[in-house]
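> here you go, sequence then predicted model.
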Amino acid sequence: MPSSDPSRGGCCSRFCSSLFSLGFLILIYWLIFQPHQIRVYMNSATLSNFSLSDPTSTSPSLSYNLSLNISLRNPNRKIGIYYDRLSATAFYNGSQLSQTESNFFESFFQHTKSTRMVYPVFEGSQGDLSKDVKDAFNNDKNDGAYNLDVKLNAKLRHKLWFIKLSFKPRIDCWLRFPLTANGSASMAAEPVPRKCRVKY
């Protein structure tokens with residue numbers, strides 16, 4: 001029978017040992033410093049335009065102009081956070097309207113117990129709408145309010161001394177814009193400020 005290669009066993013043992021040590025360090029990190037996830041708040045949302053080009057058409061386009069004021073809170077007392085990437089995407093009835101990144105975000109380091117403001121803006125026109133989106137628009141208009149969803153995706157690093165751990169949280173912010181008396185969307189979302197859902 002062929003003899004086993006002792007070098008393979010040693011390599012596997014070292015790998016398992018390194019993996020165990022890394023896991024142990026991460027466990028100690030969480031137990032001692034008890035890091036908290038970021039807190040995200042929608043402070044204000046302005047919808048200055050939200051309309052169909054021709055509601056009776058079989059393929060209307062949806063025009064929109066949405067401006068947001070969002071706060072990012074680092075609640076930790078000992079852990080700073082690097083924001084390497086942050087993008088925001090607006091959805092209506094599950095259909096993506098647009099995505100924004102460069103016009104509101106630059107990578108930054110957030111100190112402990114501090115708040116950073118970001119201001120995403122979505123403006124444009126979405127054509128080739130599905131029947132579901134058109135029906136949702138008409139139903140929301142009849143119900144008296146438009147409902148939009150803004151999703152943020154981030155790439156973060158927690159920093160404590162020489163330790164840096166990466167995370168990619170997903171953030172959901174639901175917005176409701178009541179219609180005014182003349183049937184157009186209200187300028188401001190209700191209710192605000194409101195807390196967004198953060199999931200790691």
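Perfect, thanks for sending it.
> count the neighbours of L72 for me.
Neighbour count for L72, taken as other CB atoms under 10 Å: 24. For every residue, glycine as well, the C-beta is placed using N, CA and C.
> which element is it on?
Following DSSP states H and E, one finds L72 within strand 62-74.
> for that strand, what is the average pLDDT?
Strand 62-74 shows a mean pLDDT of 95.
> packing partners for whichever helix or strand comes after that strand?
Using DSSP H and E, the next helix or strand after strand 62-74 towards the C-terminus is strand 80-92. Counting contacts by 3 or more CB pairs under 8 Å, 6 or more residues apart in numbering; DSSP states H and E, strand 80-92 packs against strand 62-74, strand 95-100, strand 108-110, helix 131-143, strand 145-160.
> go through the ones you listed and pick out the most buried.
Mean neighbours per residue, mean count of other CB atoms under 10 Å, is largest over the helices and strands packed on strand 80-92 for strand 62-74, with a mean of 20.
> what residue lies at the spatial centre of this structure?
Centroid-nearest residue in the chain: L152, 1.6 Å away (criterion: CA atoms, centre = their mean).
> state the distance from Y83 to L165.
With the distance defined as CB to CB, to the nearest Å, Y83 ends up 14 Å from L165.
> where does this structure dip in pLDDT?
Residue ranges of the chain with pLDDT under 70: 1-11, 21-34, 55, 101-104, 160, 183.
> who's in contact with the nearest residue to S107 once chain neighbours are set aside?
Leaving aside its sequence neighbours, S107 sits nearest to D84 (CB to CB, 6 or more residues apart in numbering; 5.5 Å). Contacts for D84 were tallied using CB atoms under 8 Å, 6 or more residues apart in numbering; they are S107, K155, L156, R157.
> what's the answer for S59, then?
G127, D128, L129.
> run a quick neighbour tally on the residue nearest to F108 when sequence neighbours are not counted.
Spatial nearest neighbour of F108, chain neighbours left out: Y83 (5.4 Å); criterion: CB to CB, 6+ apart. Y83 is flanked by 20 other residues according to other CB under 10 Å.
> wait, isn't Y83 in contact with L156?
Yes: with contact defined as CB atoms under 8 Å, Y83 reaches L156; the gap is 6.0 Å.
> any idea how far S63 is from D128?
14 Å.
> no no, K131
Distance from K131 to S63, by CB to CB: 19 Å.
> same check on R77?
46 Å.
> ditto for Y92
On the measure of CB to CB, Y92 and S63 end up 12 Å apart.
> with D172 instead?
Applying CB to CB to D172 and S63 gives a distance of 24 Å.
> what of D149?
When D149 is compared with S63 (using CB to CB), they lie 18 Å apart.
> kindly report the same for N93.
From N93 to S63 the distance is 16 Å (CB to CB).
> same deal with T56?
For T56, the distance to S63 (CB to CB) stands at 16 Å.
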